[in-house]
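Asker: no letters, just coordinates:
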């Protein structure tokens, strides 16, 4: 399970302010907290208020690199912002993200190849958000076909089914879970799968419970990676326990502590 | 989801003492607590210390029937104890349980038919506990074939994959989950599926967390029923939330309370 910490994002007020004031200490503290809590990689997003996202993402990357070598997940809807980050990043990158649109794939797949980066592919296009499992599978197939033609290694591709909030798309949740399973069988070798977890509970009043319940179900369906809040201890307990049940870590009475010390 | 409360069982000291002393109030209190917490049915088991299980189960049934009309799940490895209970039970019965052994099926399937009872079929036989998914499916097929020949309605059959403790059978857990899904496709109409949940955490130090994580995963695999502790609020929260994600109940901000009031 690849755990990507979601907390370095300019949509959070303290991060937005740190970016504006160029206050490294806030960013570095949040980076280390997430790594200590079990994050394998860190998402980096300048947020909607950034006027110069290209230089802001470089500053964030430099700040984080002073305290950790973990892979960084460059998160922007603008390919040029991601490229700007890739140019300065030392170590592994995850590109977050391409859509199924050719104009995005045309830029981001070659970039991922050039920088030997992992690539997140959202099953979404300019035509809109998918409404059911079949539309998700079609969009995944388009991304897979493009990657295959471009000789991008499918094992480095993480397909995201687009998790919608349960309070607006309740009837789609089962299809989203099934898509996670079926993405793995539409190509050999299989792509990996990822979710942006917190979306599932957006606008609800039981966020933690919904997040950890959905994550547990998605893990049962074979999920490989998630962008989530690793400081949510109950969420991490559920994740560690689900992986234990799936035989990914060896049982011992203190398996929660053992996993966290690993 | 059929929730069967597990707490009226002579393996618990207070219940064993109440059976011995013929103290109805303890039994009736435990019955009502479980119903209030969301149990749809109540398991009734005299426990290993009962010298006269046939008359003890009748006494338990009579005591419970004074306070609730919920279906009762007559739990004994001895068919004659179950029959003794069926003879006095008013209302719906669940027979817990037959194995795949012909000598059990020969008695319990006709009894289930006679009393219009639901029947739990364990995928186990005198040959031993199944070691993998295929053995579970084979035993389920044997139970299904017997029921079909005896004209017992398959929709009233609940197949139990035999949940083993994660600390002794970690490598089998994924196969147990997959068996839950596959039991549904080996027969048309499909049988239902059930687990004795607490087994999964037997002998471990994180019982609640393991129980609710496994239950959430099993629900994602299509589980229809579970024998569990409905007084474990965190477990019930997980169950309600998993069912919400699976679109079994309609979302509202106070969905946990709404479910409990239903």
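Answerer: In hand now; what should we look at? Here the structure is a predicted model, which means the values were calculated and not measured. Numbers count the residues shown, from 1 in each chain, chains lettered A, B, ... in the order given.
Asker: CA atoms for contacts and neighbours, from now on please.
Answerer: Will do.
Asker: what about the helices in chain A?
Answerer: Remark: helices assigned in chain A by DSSP state H are A:13-21, A:24-36, A:53-65, A:79-88, A:102-114, A:133-149, A:173-183, A:207-220, A:233-245, A:255-261.
Asker: list the residues that contact residue A:152.
Answerer: Neighbouring residues of residue A:152 by Cα atoms under 8 Å, 6 or more residues apart in numbering or on different chains: A:109, A:113.
Asker: that older thread, adding mean pLDDT and mean neighbour count, write the helices of chain A out as TSV.
Answerer: Formatted as TSV, the helices of chain A follow (pLDDT from 0 to 100; neighbours: other Cα atoms under 10 Å in any protein chain shown):
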stretch	mean pLDDT	mean neighbour count
helix A:13-21	97	16
helix A:24-36	98	18
helix A:53-65	97	20
helix A:79-88	98	19
helix A:102-114	98	17
helix A:133-149	97	19
helix A:173-183	98	21
helix A:207-220	98	24
helix A:233-245	98	21
helix A:255-261	89	14
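Asker: the ones you listed: which one's closest to residue B:42?
Answerer: Nearest of the helices of chain A to residue B:42, taken as Cα to Cα: helix A:207-220 at 25.9 Å.
Asker: beta partners for residue A:225?
Answerer: Per DSSP bridges, the residues bridged to residue A:225 are residue A:2, residue A:194.
Asker: quick one: it from chain B, how far?
Answerer: 17 Å (Cα to the nearest Cα, to the nearest Å).
Asker: just residue A:224 next, same as before
Answerer: 16 Å.
Asker: from chain B, how far off is the most centrally placed residue in chain A?
Answerer: Geometric centre of chain A, nearest residue: residue A:227, 3.8 Å, by Cα atoms, centre = their mean. Distance, residue A:227 to chain B, using Cα to the nearest Cα: 19 Å.
Asker: same check on residue A:113?
Answerer: For residue A:113, the distance to chain B - Cα to the nearest Cα - is 35 Å.
Asker: for that residue, which non-adjacent residue is closest in space?
Answerer: residue A:152 (6.3 Å; Cα to Cα, 6 or more residues apart in numbering or on different chains).
Asker: could you do residue A:219 as well?
Answerer: Distance criterion Cα to Cα, 6+ apart; nearest residue to residue A:219, sequence neighbours excluded, is residue A:242 at 6.9 Å.
Asker: which parts of the stretch 51-200 of chain A sit against chain B?
Answerer: Counting by Cα under 8 Å from any Cα of the partner chain, the stretch 51-200 of chain A comes close to chain B at A:166, A:167, A:170, A:171, A:173, A:174.
Asker: those residues: which two are farthest apart?
Answerer: A:167 and A:174 (13.7 Å).
Asker: coming back round to it: pretty sure the residue nearest to the centre of chain A sits against residue A:3.
Answerer: Yes. Counting by Cα atoms under 8 Å, residue A:227 does reach residue A:3; the two are 6.3 Å apart.
Asker: follow-up on the earlier one: contacting residues for the residue nearest to the centre of chain A?
Answerer: A:3, A:4, A:5, A:6, A:43, A:194, A:195, A:196, A:197 are the contacts of residue A:227 under Cα under 8 Å, 6+ apart.
Asker: swap in 7 Å and give it another go.
Answerer: By Cα atoms under 7 Å, 6 or more residues apart in numbering or on different chains, the contact set of residue A:227 is A:3, A:4, A:5, A:6, A:195, A:196, A:197.
Asker: residue A:172 now?
Answerer: residue A:132.
Asker: how close does it get to residue A:138?
Answerer: 16 Å (Cα to Cα, to the nearest Å).
Asker: equivalent analysis for residue A:254, please.
Answerer: In this view, residue A:254 and residue A:138 are 43 Å apart by Cα to Cα.
Asker: tell me which of the helices of chain A lies nearest to residue B:156.
Answerer: helix A:173-183 (25.2 Å).
Asker: report the angle between that closest one and helix A:207-220.
Answerer: 30 degrees (axes from the mean of the first three to the mean of the last three Cα atoms, to 10 degrees).
Asker: now do helix A:173-183 and helix B:233-245, the angle between them.
Answerer: Going by the same axes, to 10 degrees, helix A:173-183 makes 80 degrees with helix B:233-245.
Asker: show me what helix A:173-183 is packed against.
Answerer: For helix A:173-183, the helices and strands in contact under the criterion 3 or more Cα pairs under 7 Å, 6 or more residues apart in numbering or on different chains; DSSP states H and E are helix A:133-149.
Asker: who's in contact with the helix it packs on?
Answerer: So helix A:133-149 is in contact with A:100, A:109, A:121, A:123-124, A:130, A:154, A:159, A:161, A:175-176, A:179, A:183, going by Cα under 7 Å, 6+ apart.
Asker: which two among these are spaced furthest apart?
Answerer: Farthest pair in the contacts of helix A:133-149 (Cα to Cα) is A:109 and A:175. Separation: 27.2 Å.
Asker: how about residues contacting stretch A:101-118?
Answerer: If you take Cα under 7 Å, 6+ apart as the criterion, stretch A:101-118 is touched by A:79, A:92-95, A:98, A:119, A:125-126, A:147, A:152, A:156-157.
Asker: would CSV of those with distance to residue B:214 be doable?
Answerer: What follows is the contacts of stretch A:101-118, written out as CSV (distance: Cα to Cα, whole Å):
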residue, distance to residue B:214
A:79, 41
A:92, 34
A:93, 34
A:94, 31
A:95, 33
A:98, 34
A:119, 31
A:125, 36
A:126, 39
A:147, 36
A:152, 37
A:156, 30
A:157, 29
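Asker: hmm, which of those residues are the buried ones?
Answerer: The neighbour count (16 or more other Cα atoms under 10 Å in any protein chain shown) marks A:79, A:92, A:93, A:94, A:95, A:98, A:119, A:147, A:152, A:156, A:157 as buried among the contacts of stretch A:101-118.
Asker: these: which two are farthest apart?
Answerer: Among those, A:92 and A:147 lie farthest apart (Cα to Cα), at 19.2 Å.
Asker: right, and residue A:221 touches residue A:181 too?
Answerer: Yes. Between residue A:221 and residue A:181 there is a contact at 5.4 Å, judged by Cα atoms under 7 Å.
Asker: shared neighbours, the two?
Answerer: If you check residue A:221 and residue A:181 against Cα under 7 Å, 6+ apart, no residue is contacted by both.
Asker: tell me the contacts of residue A:26?
Answerer: Each residue near residue A:26 by Cα under 7 Å, 6+ apart is listed here: residue A:18.
Asker: chain neighbours aside, what residue packs nearest to residue A:67?
Answerer: residue A:28 (6.5 Å).
Asker: which residues touch that neighbour?
Answerer: A:63, A:64, A:67 are the contacts of residue A:28 under Cα under 7 Å, 6+ apart.
Asker: please redo it, this time with the cut-off set to 8 Å
Answerer: A:63, A:64, A:66, A:67.
Asker: same check on residue A:90?
Answerer: For residue A:90, the contact set (Cα under 8 Å, 6+ apart) comprises residue A:65.
Asker: how about residue A:119?
Answerer: Counting by Cα under 8 Å, 6+ apart, residue A:119 has contacts A:94, A:95, A:96, A:97, A:98, A:109, A:112, A:156, A:157, A:158.
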